[in-house]
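*Asks:* whatever this is, show me its structure:
(one chain, ligands or ions: 1)
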Amino acid sequence: MARKYLIETFGCQMNVHDSERMAGLLEQAGYEATDEAADADVLVINTCSVRERAEEKLYTRLGELRQMAADTGRDPVVAVAGCVAQQEGGSLLARSPGVADVIVGTQAMRRLPMLVERAAGERRPLIDLDPYEDVTWPLGVTRRSDPVKAYVTIIEGCNEFCSFCVVPYTRGHERMRPKADILAEAREAAESGRVEVQLLGQIVNHYEAPDDPSCDFTGLLEAVHEIPGIERIRFASPHPRHFSSGFLAAMQRLPKVCRHLHLPVQSGSTRVLGGMRRRYTRESYLELVGRIRASLPDVALSTDMIVGFPGETDRDFEETLSLAEAVRFHSMFSFKYSPRPNTLADKRLADDVDEAEKTRRIVALQAAQRGIQSELNEGLIGREVEVLVDAASRRRDTEVSGRTGQNVVVNLPGPADWMGRMVRVRIQRAGPHSVWGTVPLDKASVGA
Ligand code: SF4
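*Replies:* Alright, predicted model coming up:
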């Protein structure tokens, strides 16, 4: 009987995609997927350390696995992968003794099958945090979890060293993937029926092809745009510091590129942005937003915000609120600051905004943002929008959902076999996080 594996993933799209890659590697080595931890011979926890709470989830999960082993006698090989593995290394074993068998760093995941085999044989923990410079990836190995969308990595690591961010320490320095490798993977995704490609990197608009000196991110978008079968292209995330006019012009003329930009701002205060080492100001960010909207009037913007960064005053926070109200983001990921190991902010700045005040600020920011999202979504009522159906309801087999080009989630009645199709939907109802609509009777066959 084939041995089974389960991968549990915490964190960002990059981690979701790393899990797809690790799943493919394990399947190549003869393992089969299972959804049950109790059935798994190998259990991989792909971790995130970008926030303290995400990191705590790992230790909670390791405690549950220890309990499972005590209750049922099931004792799978447990591999901890991802950013916490890279950051904590051997000290993770000391904090949770007797549970993890393999600690595999972010650049060492290609060696996962070999590590779990050895750990199973030797029954002693193995740690592999070695860097791996080669960012090519063999075709056909990734086991994609989404039938509609394909993640394609274009850049690994980051050189920006924002003072709060752990990524340059956990994912290493910036490495560009060859254009030929990216295009081959995008073509393969299209041939396997995926209609949307999401290009991933910490700063996608920094891309320069190592195998084609004339190709920057704009050139890459143009090349992906040529691939038959791909109907939508998304990317995450561009950095506000690296916007070229050529890139905006390309977004204007390439219809497959979705009218959505995730543009992390992190704070509305120039003083706080300086402490964060973001290398732009409130004013230059707002100027960029103006430039983007002049080129792409229908673009939706989303962002990331941190509240309670060291030294953030009431006035700084008011500037964050006023920036959110000025830009009117379609969505926002907002977090309370927590110091992350090794970062400049952790080493040099006191975490001096107390927890209650951080909570007050995040509650105020999220309430303001909910109001903005509700208003923007209510503006869609009565309009027809084009939706790529990407999910079927688990509870009712007559409901599906999808996203507009602007990344608004749309719920609608429809059969599960609409997955992967474009449908035109008339919006009837709106909430802060999604909208509801129906396909007009005369359009029911659109996209078929
Ligand atoms: S740009 Fe800044 S926030 Fe983004 S991954 Fe790099 S260091 Fe982290």
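
*Asks:* are we agreed that residue 43 is in a strand?
*Replies:* Yes. Counting by DSSP: H, G, I helix; E, B strand; the rest coil, residue 43 is found in a strand.

*Asks:* and it, what are its bridge partners?
*Replies:* residue 6, residue 78 (DSSP bridges).

*Asks:* pretty sure it contacts residue 76?
*Replies:* Yes. Proximity of residue 43 to residue 76 meets the contact threshold set by Cβ atoms under 8 Å, at 4.6 Å. To be clear about C-beta, it is placed using only N, CA and C from the backbone, and glycine gets the same treatment.

*Asks:* between those two, who's got more neighbours?
*Replies:* residue 43 (26 against 23; other Cβ atoms under 10 Å).

*Asks:* how much space separates the more buried one from residue 27?
*Replies:* Relative to residue 27, residue 43 is positioned 15 Å away (Cβ to Cβ, to the nearest Å).

*Asks:* quick one: stretch 149-159 to chain centroid distance?
*Replies:* 10 Å (Cα atoms, centre = their mean, to the nearest Å).

*Asks:* quick one: contacts for the residue in the stretch 1-150 of the chain that the ligand sits nearest to?
*Replies:* Among all residues of the stretch 1-150 of the chain, residue 50 sits closest to the ligand, at 8.2 Å; criterion: Cβ to the nearest ligand atom. When contacts are counted by Cβ atoms under 8 Å, 6 or more residues apart in numbering, residue 50 is found next to 11-12, 83, 165-167, 340.

*Asks:* restrict those residues to those near the ligand?
*Replies:* Residues of the contacts of residue 50 in contact with the ligand (Cβ under 6 Å from any ligand atom): 165, 167.

*Asks:* three-state assignment of the residue of the stretch 1-150 of the chain closest to the ligand?
*Replies:* Going by three-state DSSP: residue 50 is coil.

*Asks:* ok, it to residue 82 distance?
*Replies:* The value you get for residue 50 to residue 82, if Cβ to Cβ is used, is 10 Å.

*Asks:* what is in contact with the two at once?
*Replies:* residue 11.

*Asks:* show the average pLDDT along stretch 298-306.
*Replies:* Per-residue pLDDT over stretch 298-306 has a mean of 98.

*Asks:* mind listing what's buried along it?
*Replies:* Going by neighbour count (16 or more other Cβ atoms under 10 Å), the buried part of stretch 298-306 is 299-303, 305-306.

*Asks:* skipping adjacent residues, who's closest to residue 181 in space?
*Replies:* Among residues not flanking residue 181 along the chain, residue 136 sits closest, at 4.9 Å (Cβ to Cβ, 6 or more residues apart in numbering).

*Asks:* the one you found against residue 179, yeah?
*Replies:* No. If you go by Cβ under 8 Å, residue 136 and residue 179 don't touch, sitting 11.3 Å apart.

*Asks:* the ligand contacts on the protein?
*Replies:* Counting by Cβ under 6 Å from any ligand atom, the chain sits next to the ligand at 158, 160-162, 165, 167-168, 202-203, 239.

*Asks:* before we move on, the earlier item: which residues do residue 43 and residue 76 both contact?
*Replies:* residue 37.

*Asks:* ok, now which ones touch the residue nearest to residue 181?
*Replies:* By Cβ under 8 Å, 6+ apart, the residues touching residue 136 are 177-178, 181.

*Asks:* narrow these to those in helices?
*Replies:* Judged by DSSP state H, the contacts of residue 136 include residue 181 as members of helices.

*Asks:* could I get the contacts of residue 136 as a markdown table with distance to residue 264, neighbour count and pLDDT?
*Replies:* As requested, the contacts of residue 136 are exported to a markdown table (distance: Cβ to Cβ, whole Å; neighbours: other Cβ atoms under 10 Å; pLDDT from 0 to 100):
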| residue | distance to residue 264 | neighbour count | pLDDT |
| --- | --- | --- | --- |
| 177 | 21 | 25 | 97 |
| 178 | 26 | 16 | 97 |
| 181 | 26 | 20 | 97 |
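
*Asks:* and the contacts of residue 136, which is closest to residue 217?
*Replies:* residue 177 (12.2 Å; Cβ to Cβ).

*Asks:* mind listing what's buried in stretch 69-79?
*Replies:* 74-79.

*Asks:* for stretch 383-400, that is, sorry about that
*Replies:* 385-392, 399-400.

*Asks:* which of the contacts of residue 136 lies closest to the ligand?
*Replies:* Out of these, the member with the shortest distance to the ligand (by Cβ to the nearest ligand atom) is residue 177, at 16.4 Å.

*Asks:* follow-up on the earlier one: return the closest of the buried residues of stretch 383-400 with respect to residue 5.
*Replies:* Distance to residue 5 across the buried residues of stretch 383-400 (Cβ to Cβ) is lowest for residue 391, with 24.4 Å.

*Asks:* quick check, the closest one in contact with residue 410.
*Replies:* No. Applying Cβ under 8 Å, one finds residue 391 not in contact with residue 410, separated by 10.6 Å.

*Asks:* which neighbours do those two share?
*Replies:* 401-402.
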